[in-house]
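Engineer: Got a predicted structure plus its sequence, pasted below:
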Amino acid sequence: MSFPTHARHVVIGAGIHGLSTAWRLAERLRAAGKGSGADILVLDKSAIAAGASGIACGVVRNNYFQPAMRELMAHSVDVWETDPKGFSYHPVGYMQVSHEAMREDVTSIYEQQKEIGYPSEFIEGEKDCMTYMKGLLSDWRAEGVTSVLHEKKGGYANNTAAIYGLANKAEAQGVRIITGVTVTGFERGSNSDAVSAVVTDRGTIECDRVVVAVGPWVKTIWDMLDLPREVSIKGPDGRMHGGIPTWRYWCLEEGVIGVDPDLQKLNDGGMPPVIHVDTDAPLRSDVDGSVITEKPWGIYYKPDFQFDGVQGGAMPYEVKTPADDVGIDPYGPESPEFIVGGDFAHMWCSALAFCQERFSGQIGKFRKEPSGGLGCFTPDSFPVFDTFCENVHIIADSNHGFKMIGVGHLVADEIMGDKQALLEPFRFSRYAEGRLHPTSNSPFPWS
Ligand SMILES: Cc1cc2nc3c(=O)[nH]c(=O)nc-3n(C[C@H](O)[C@H](O)[C@H](O)COP(=O)(O)OP(=O)(O)OC[C@H]3O[C@@H](n4cnc5c(N)ncnc54)[C@H](O)[C@@H]3O)c2cc1C
């Protein structure tokens, strides 16, 4: 097939957001008698699932302190549940296990989950939490835990399998996905700011509309569109704080301990929920008992047959290099810089042993292959979903995104002319207007 010179809708990026948008938009166009998937072209510079979506841990949860995030996640969980097999989605549930400083935050999450009908159980008090956790996993031993929020929905999906599942759905609607094509610029109309064509290394494609879903590469496309490199944020005190970079990078640290995934089965033989633990208890080495940290720390983990072990991660670290100088490519495991090292293995495996006795002495099984990867973050670490330059829809999820399989649907609905209330709290104008999301006491930048 020859390289196209025109497409009504060009989607840049074949990850979770680009493919989810293409799938839903194709369905909506057909249903409205206004076109079909043949009007949509997805471009990717590498391959399907070549970005963050293809290396994500794949955790799907509702647990967020910010009400708007929770409502959005509940919508996405509904989309995951439409086809668990097709998305390789495992609805094992999710647990937020927390220390005292987070109890009030998590209590409010639980209360609001009840309000939106999201099923969860909440356990409070050190003794009751220990009893609850031991009732599920007999070797549980994490100290200093005073609340457990057990979400009965959510869980995780196998990363690449889920993205290929989405690609299949989009292609079944007639969407064309072309890989190995890099977007290098944009052409504008003579009298407007709107994009009239997408320039690529294989030719120029005229278009009516563009969807940008490029994950960690969002700053590159943002700069091509001449969008603001800095923002001013109106603080809670009403004062403007200027000169804040629009984008910064964090490195997400994840890895696999190569034990039999069945090792992490529940007392009753079932598969466990994804477990996330945040605590301020000192973390000691499982190797020599030395103190690793006395600051609050957090980890998450799950048995995963795709990774053939127990897979998970810990808090990310902020990349101090100025955003313009950060080398995003080669991405993920191929990166010479942004992969986990021995310190992560030591911390994460010791933390697993802190939580469950069965992981003690297992650090030698930590897989030494490269893992982890960069994420591009907004100023407040929450997503920006908005329309720029009249016809460019940008999905910048600030690294919450694998679980957000429903965002592409909402963006497609907006393209069809239906404004989506769930996306409103994530407009770019919130910074200047001071409509900020509340912040929690979690040690993670994304909770
Ligand atoms: C290690 C790690 C673990 C994570 N774990 C989780 C998790 O458990 N749960 C969760 O919800 N989120 C998780 N995330 C975040 C999540 O992976 C991302 O937020 C999400 O995958 C972003 O999806 P996307 O579709 O926007 O971008 P991506 O999946 O990154 O896809 C972007 C695509 O755009 C292409 N592209 C880039 N530039 C161009 C260009 N100029 N021209 C053409 N194509 C281009 C790339 O090749 C890539 O394929 C994790 C992230 C990382 C790094």
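Structural biologist: Nice, I can see it. Numbers count the residues shown, from 1 in each chain.

Engineer: so what's residue 384 bridging to?
Structural biologist: Here residue 384 sits in beta bridges with residue 396, going by DSSP bridges.

Engineer: neighbours around it, how many?
Structural biologist: 22 (other CB atoms under 10 Å). In short, each C-beta sits where N, CA and C put it, glycine included.

Engineer: and if you look at residue 194?
Structural biologist: Burial measure for residue 194: 15 neighbouring residues, criterion other CB under 10 Å.

Engineer: Now do the contacts for it.
Structural biologist: Counting by CB atoms under 8 Å, 6 or more residues apart in numbering, residue 194 makes contact with 188, 389-391.

Engineer: Out of those residues, which is nearest to the ligand?
Structural biologist: The closest of the contacts of residue 194 to the ligand turns out to be residue 389 (CB to the nearest ligand atom; 16.2 Å).

Engineer: how far away is the closest one from residue 201?
Structural biologist: To residue 201, residue 389 is 21 Å away according to CB to CB, to the nearest Å.

Engineer: Compare those two (neighbour count), which wins?
Structural biologist: residue 389 (17 against 10).

Engineer: all helices for the stretch 301-447 of the chain, in order.
Structural biologist: Listed in chain order, the helices found in the stretch 301-447 of the chain under DSSP state H, counting those that start in this stretch are 342-355, 407-415, 430-433.

Engineer: right, so those helices: which one is the most enclosed?
Structural biologist: Mean neighbour count (mean count of other CB atoms under 10 Å) peaks for helix 407-415 among the helices of the stretch 301-447 of the chain, with a mean of 24.

Engineer: sorry, back to before: wait, which of the helices of the stretch 301-447 of the chain is closest to the ligand?
Structural biologist: Among those, the nearest to the ligand by CB to the nearest ligand atom is helix 407-415 (8.4 Å).

Engineer: pull the CA atoms of that closest one into PDB?
Structural biologist: Extracted in PDB, the C-alpha atoms of helix 407-415 (Å, rounded to 0.1, in the frame of the first residue of the first chain):
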ATOM      1  CA  VAL A 407      -9.500   8.300  28.100                       C
ATOM      2  CA  GLY A 408      -9.200   7.600  24.400                       C
ATOM      3  CA  HIS A 409     -12.900   6.900  24.300                       C
ATOM      4  CA  LEU A 410     -13.700  10.200  26.000                       C
ATOM      5  CA  VAL A 411     -11.400  12.100  23.600                       C
ATOM      6  CA  ALA A 412     -13.100  10.400  20.700                       C
ATOM      7  CA  ASP A 413     -16.400  11.400  22.100                       C
ATOM      8  CA  GLU A 414     -15.200  15.000  22.200                       C
ATOM      9  CA  ILE A 415     -14.000  14.800  18.600                       C
END
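
Engineer: which helix of this structure spans the most residues?
Structural biologist: helix 16-31 (DSSP state H).

Engineer: For that one, name the packing helices and strands.
Structural biologist: strand 6-12, strand 40-44, helix 159-172, strand 203-212, strand 392-396, helix 407-415 (3 or more CB pairs under 8 Å, 6 or more residues apart in numbering; DSSP states H and E).

Engineer: Quick one: distance of stretch 418-433 to the chain centre.
Structural biologist: 19 Å (CA atoms, centre = their mean, to the nearest Å).

Engineer: closest point of the stretch 201-350 of the chain to the ligand, which residue?
Structural biologist: residue 215 (2.3 Å).

Engineer: Quick check: that residue touching residue 14?
Structural biologist: No: Residue 215 is beyond contact range of residue 14, at 10.4 Å (criterion: CB atoms under 8 Å).

Engineer: Those two - which one has more neighbours?
Structural biologist: residue 14 (31 against 28).

Engineer: if I read this right, that one contacts residue 177, doesn't it?
Structural biologist: Yes: between residue 14 and residue 177 there is a contact under CB under 8 Å: 5.8 Å.

Engineer: got any residues that touch both of these two?
Structural biologist: Taking CB under 8 Å, 6+ apart as the contact rule, residue 14 and residue 177 both touch 42, 44, 48, 167.

Engineer: If we check the ligand, which of those residues are in contact?
Structural biologist: For the ligand, the contacts drawn from the shared contacts of residue 14 and residue 177 by CB under 6 Å from any ligand atom are residue 44.

Engineer: Residues of this protein that sit close to the ligand?
Structural biologist: 12-18, 43-46, 50-53, 55-59, 182-183, 213-217, 252, 254, 372-373, 375, 395, 397, 399-403.

Engineer: residue contacts, residue 427?
Structural biologist: Listed by CB under 8 Å, 6+ apart, the contact partners of residue 427 are 384-386.

Engineer: at 10 Å what do you get?
Structural biologist: 384-387, 433, 435 (CB atoms under 10 Å, 6 or more residues apart in numbering).

Engineer: And for residue 278?
Structural biologist: Counting by CB under 10 Å, 6+ apart, residue 278 touches 96-99, 101-102, 106, 145, 296-300, 315, 440-444, 447.

Engineer: Buried ones among these?
Structural biologist: Neighbour-count burial (16 or more other CB atoms under 10 Å) is assigned, among the contacts of residue 278, to 96-99, 101-102, 106, 145, 296-300, 315, 440-443, 447.

Engineer: I figured residue 215 hits residue 401, correct?
Structural biologist: Yes: Residue 215 lies in contact with residue 401 (CB atoms under 10 Å); the separation is 7.2 Å.

Engineer: any idea whether the spatially closest residue to residue 29 that is not a sequence neighbour is helix, strand or coil?
Structural biologist: Nearest residue to residue 29 in three dimensions, chain neighbours excluded: residue 35, at 3.9 Å (CB to CB, 6 or more residues apart in numbering). The three-state label given to residue 35 by DSSP: H, G, I helix; E, B strand; the rest coil is coil.

Engineer: now residue 35: how far from residue 418?
Structural biologist: Distance from residue 35 to residue 418, by CB to CB: 16 Å.

Engineer: Can you add pLDDT and give the contacts of residue 427 back as CSV?
Structural biologist: As requested, the contacts of residue 427 are exported to CSV (pLDDT from 0 to 100):
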residue, pLDDT
384, 98
385, 98
386, 98
387, 98
433, 97
435, 95
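
Engineer: list the contacts for the nearest residue to residue 78 once chain neighbours are set aside?
Structural biologist: Nearest residue to residue 78, sequence neighbours excluded (CB to CB, 6+ apart): residue 406, at 6.9 Å. Contacts for residue 406 (CB under 10 Å, 6+ apart) come out as 20, 24, 72-80, 82, 422.

Engineer: Same question for residue 109.
Structural biologist: Listed by CB under 10 Å, 6+ apart, the contact partners of residue 109 are 62-67, 70, 96, 98, 102, 118, 120, 122, 147, 149, 151, 440, 447.

Engineer: just residue 364 next, same as before
Structural biologist: So residue 364 contacts 257-258, 287, 345, 349 (CB under 10 Å, 6+ apart).

Engineer: confidence score at it?
Structural biologist: You'll see residue 364 listed with a pLDDT of 96.
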